[in-house]
Every structure is written in structure tokens, then in C-alpha cells.
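Visitor: next come a sequence and a model predicted from it.
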Amino acid sequence: MAESATFNSRARVLSGMRPTGKLHLGNYMGALKNWVEMQDEYECYFFIADWHALTSDYADPSQIVPNTIDVMLDYLAAGLDPARTVLFQQSRILQHAELHLLFSMVTPLGWLERVPTYKEQQENLTGKDLSTYGFLGYPLLQAADILIYQPQYVPVGQDQAAHVELTREVARRFNQFYKLDGREVLPEPQVLLTRSPKLPGTDGRKMSKSYGNTILITDPEPVVRKKLKPMVTDPARVRRIDPGDPDKCPVGDLHKVFSSAETMAKVYEGCRTAGIGCIECKSWAADALVQILNPIQERRAKYTEADAADILEDGSNRARERAEQTMTDVRAAMQISPPGRCTGSGCHT
């Protein structure tokens with residue numbers, strides 16, 4: 001009982017990821033590592049956003065279920081602890097969809113059209129038809145995902161801050177129209193900016209599953225080394241004898257995140273004097289990556305898919321209880337009945 005009281009007295013945080021494939025180092029450094037560090041300080045809710053995966057993969061949803069289990073295993077491998085954190089699956093909590101529907105009635109269309117990632121992803125993901133309401137409206141579903149748990153903070157990188165600001169605007173608009181006994185129902189969450197180091201993919205662009213340039217946190221050492229060998233480097237180093245600059249090299253960016261100060265000194269000295277070749281430099285980067293990945297992969301091996309499914313079931317049950325508390329207040333404030341329940345003279349028994 002004392003442990004529960006202590007847990008609930010902490011500030012609450014919430015975040016999630018889409019199950020569009022196995023997670024990569026960018027996911028780990030930009031989110032998972034930060035989430036793991038939050039577990040002792042905050043009341044944590046972290047979920048797998050499987051409905052959000054449909055915004056881009058609606059034409060072939062066959063991989064969403066297996067990807068959900070894979071992402072759950074990656075969560076556990078990174079160090080998220082179901083005894084300290086509520087880990088759940090978005091689609092198991094129907095209250096998310098209910099709140100999203102209610103928000104859609106009061107949210108101006110222009111608010112969704114101006115979200116920065118809307119046009120950006122349409123331009124980058126040219127191989128997919130993204131001219132759907134689901135894609136336009138996913139920030140509103142995201143607002144429902146957040147506000148239904150009434151977190152004080154949403155941990156995000158700088159590039160996701162605009163989504164949280166939309167969530168705050170939606171909460172303000174809802175509270176403007178609807179109150180419960182004179183009080184506002186949906187508190188506005190604050191952005192909790194987290195460390196999100198620059199992490200290039202093997203082609204030099206931002207590491208992303210969409211670009212196919214990732215190093216997965218499940219990649220064994222031989223695969224890591226194979227992926228790094230053709231990685232783009234400083235374009236000034238055309239020949240082995242040409243000096244380069246690690247500050248202009250994607251491999252140098254990897255070193256800055258993962259390598260020791262001693263290795264970094266060797267990289268700067270060797271690259272700028274052409275004392276080392278790019279292959280040797282990439283080998284040192286691979287050494288650093290493997291040191292990070294090995295303990296993650298060892299933790300992952302301790303869990304089975306059945307373990308992941310059980311943890312998702314338990315966490316989703318806990319999340320559903322909390323979500324329903326919010327929806328009870330939302331329905332009361334809007335003077336509407338719960339789904340599936342008929343009231344009034346028009347009902348049939």
C-alpha cells in the first residue's frame with residue numbers, strides 16, 4: 001500500500017512508439033534510454049501505438065501484430081520494468097478512440113494542417129498514399145492518447161514539441177466548452193525535452209526506418225560491422241591520403257555519441273592528418289556500438305514472446321482503468337452517455 005501511494009504521488013509522464021518494425025539505435029538514444037532513466041523519478045506510462053501504425057501502413061496491416069510484440073521485447077531489452085512502469089497497447093484501450101472522436105467534433109481543421117510533420121512526411125514518404133483523414137488526424141489521436149492519462153509531462157525531442165503544443169491547444173478548447181462542476185477536466189501537459197543526440201543512418205541522413213538506413217538494437221555484431229562498412233563519410237576524403245574532418249562526417253557523429261574521449265582523440269588526430277583510413281575509423285565506431293548493444297541484447301534474450309504478451313495484457317488492464325477515470329469525467333462534462341448504454345424514453349429493454 002505504501003509503495004502504491006509513493007508511486008501515485010510522483011508526476012506522471014506518458015509517451016509511446018509506433019510498431020512499424022524493430023527499433024533502432026535512433027529510437028534507443030532518442031527515447032528509450034531517456035524513458036529508462038525516468039522510471040525511478042516519475043509515474044511512467046509508455047505504450048505501443050499500433051493504431052498510429054495504420055496511418056502509413058493501412059494497405060498492409062499484416063505486420064502490426066508481430067511488430068507490436070517485437071517492440072515490446074525491445075522495450076524490455078532497453079530496461080523498461082513492468083513492475084515500475086505501465087507498459088500497454090493503444091488498441092486495447094477503446095477509450096482512446098472514444099476521446100479522439102469527441103475531440104474531432106471541436107478541433108478546427110486548420111490546426112491539423114499546420115502540424116510541421118504533416119507536409120514533411122508527405123514529401124519524404126512519396127511511395128505511400130498519405131491523403132487520408134487518418135494521416136491528417138493522427139496528431140489529434142495523439143492528443144487523445146496523452147490527455148486521457150492526464151500526465152504532467154510528455155517526454156519528447158525538440159522535433160516533436162509541436163505535437164504536444166497541439167495537445168495543449170486541444171485541452172484548452174475542450175475546457176473552454178465543457179466543465180465539470182465548474183472545474184476544467186483536462187489539465188494541459190508540459191513538454192519535457194529529452195536528450196536526442198544527432199544520430200545519422202548509414203546513408204548520412206537521420207536514422208529512420210522509413211529511409212532503410214538503420215542499425216537495429218537487435219543487430220548482432222557481424223551485421224553492425226557489415227552495415228557500417230559502406231557508410232558515407234566526409235566527401236573531402238576521396239582518397240586514402242586525403243585528410244578529412246570528423247565534424248563533417250556521419251561516422252564522426254556516431255563517434256561523438258558512442259565513443260570514449262580516448263577514441264575520439266584518435267579519430268580527430270587520425271582523420272585530420274590522414275593517418276587512418278575510413279575503414280579503420282568505422283571499425284572503431286562498430287566497437288563502440290557493440291558495447292552498447294550487447295547488454296541490451298542479453299536482456300532481450302531473457303524474455304519470450306509469451307512474456308511480452310502477458311506484460312502487455314497486464315499493463316493494458318492497468319491503463320484502461322486510468323483511462324476510464326478520465327472518460328467518466330469527460331462524458332459527465334459533455335452530458336453524454338457511455339458507449340453502448342442507452343438512456344431516455346427511446347430505449348428498448
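Guide: That came through, no problem. Residues are numbered from 1 along each chain as shown.

Visitor: got the contact list for Ser280?
Guide: That one is not Ser; residue 280 is Glu. Gly270 (Cβ atoms under 8 Å, 6 or more residues apart in numbering). C-beta: built from backbone N, CA, C; applies to glycine.

Visitor: so where do the strands sit in this protein?
Guide: With strands called from DSSP state E, the chain shows them at 12-17, 43-48, 85-89, 153-156, 190-193.

Visitor: got TSV for these, with distance to Pro338 and mean neighbour count too?
Guide: Listed next are the strands of the chain as TSV, based on distance: least, Cβ to Cβ, whole Å; neighbours: other Cβ atoms under 10 Å:
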stretch	distance to Pro338	mean neighbour count
strand 12-17	23	22
strand 43-48	22	25
strand 85-89	21	24
strand 153-156	27	22
strand 190-193	30	16
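
Visitor: okay, these in a markdown table with distance to Gln95 and mean pLDDT next?
Guide: Below are those laid out as a markdown table (distance: least, Cβ to Cβ, whole Å; pLDDT from 0 to 100):
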| stretch | distance to Gln95 | mean pLDDT |
| --- | --- | --- |
| strand 12-17 | 14 | 97 |
| strand 43-48 | 13 | 98 |
| strand 85-89 | 12 | 98 |
| strand 153-156 | 18 | 94 |
| strand 190-193 | 23 | 94 |
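
Visitor: between these, which one is nearest to Gly277?
Guide: strand 12-17 (37.1 Å; Cβ to Cβ).

Visitor: tell me the helices and strands packed up against that closest one.
Guide: Under the contact definition 3 or more Cβ pairs under 8 Å, 6 or more residues apart in numbering; DSSP states H and E, strand 12-17 sits against strand 43-48, helix 133-147, strand 153-156.

Visitor: and of the ones you listed, who's closest to Ala309?
Guide: strand 43-48 (11.8 Å).

Visitor: select, out of the strands of the chain, the one closest to Asn34.
Guide: That would be strand 153-156 among the strands of the chain, by Cβ to Cβ, at 5.9 Å.

Visitor: what angle sits between the helix ranked longest in the chain and strand 85-89?
Guide: The longest helix of the chain (DSSP state H) is helix 305-334. Computed by axes from the mean of the first three to the mean of the last three Cα atoms, to 10 degrees, the angle separating helix 305-334 from strand 85-89 equals 90 degrees.

Visitor: what is helix 305-334 packed up against?
Guide: So helix 305-334, by 3+ Cβ pairs under 8 Å, 6+ apart, packs with strand 43-48, helix 64-78, strand 85-89, helix 95-104.

Visitor: dump the helices and strands packed on strand 12-17 into CSV; add distance to Val65 as well.
Guide: Conversion of those to CSV gives the following (distance: least, Cβ to Cβ, whole Å):
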stretch, distance to Val65
strand 43-48, 11
helix 133-147, 18
strand 153-156, 26
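
Visitor: which stretch among those comes nearest Thr214?
Guide: Of all the helices and strands packed on strand 12-17, strand 43-48 comes closest under Cβ to Cβ, at 18.2 Å.

Visitor: contacts made by the closest one with the rest, please.
Guide: 7-8, 10-19, 35, 38, 68, 71-72, 75, 80, 84-90, 145, 149, 151, 312, 319, 322.

Visitor: so who does the closest residue in space to Ser260 that isn't next to it in sequence touch?
Guide: Excluding the flanking residues, the one nearest Ser260 by Cβ to Cβ, 6 or more residues apart in numbering is Ala288, at 7.5 Å. Residues near Ala288 by Cβ under 8 Å, 6+ apart: Leu254, His255, Phe258, Ser259, Ser260, Thr263.

Visitor: and what of Asp253?
Guide: Lys198, Leu199, Pro200.

Visitor: next step: the residues you listed restricted to helices.
Guide: Per DSSP H, the subset of the contacts of Asp253 in helices is empty.

Visitor: what subset of those is buried?
Guide: Neighbour-count burial (16 or more other Cβ atoms under 10 Å) is assigned, among the contacts of Asp253, to Leu199, Pro200.

Visitor: next one: the nearest residue in space to Gly275 that is not next to it in sequence relative to Gly252, how far apart?
Guide: Nearest non-adjacent residue to Gly275, counting by Cβ to Cβ, 6+ apart: Glu269, 6.6 Å away. As for Glu269, its distance to Gly252 is 13 Å (criterion: Cβ to Cβ, to the nearest Å).

Visitor: same check on Met327?
Guide: 50 Å.

Visitor: ok, the two, which is more surrounded?
Guide: Neighbours were counted for Met327 and for Gly252 using other Cβ atoms under 10 Å; Gly252 has more, 22 against 19.

Visitor: next up, the contacts around the residue lying closest to that one once chain neighbours are set aside.
Guide: Computed as Cβ to Cβ, 6+ apart, the closest residue to Gly252 that is not its neighbour in sequence is Pro246, at 3.1 Å. Contacts for Pro246 (Cβ under 8 Å, 6+ apart) come out as Asp234, Gly252, His255, Lys256, Val267, Tyr268, Cys271, Arg272.

Visitor: which stretches of the stretch 201-349 of the chain have low pLDDT?
Guide: 341-349 (pLDDT under 70).

Visitor: recalculate using a threshold of 90.
Guide: Applying pLDDT under 90 to the stretch 201-349 of the chain flags the ranges 208-211, 338-349.

Visitor: all helices of it, in order?
Guide: 221-228, 250-258, 261-272, 278-300, 305-334 (DSSP state H, counting those that start in this stretch).

Visitor: pick the most buried one from these.
Guide: helix 250-258 (a mean of 21; mean count of other Cβ atoms under 10 Å).
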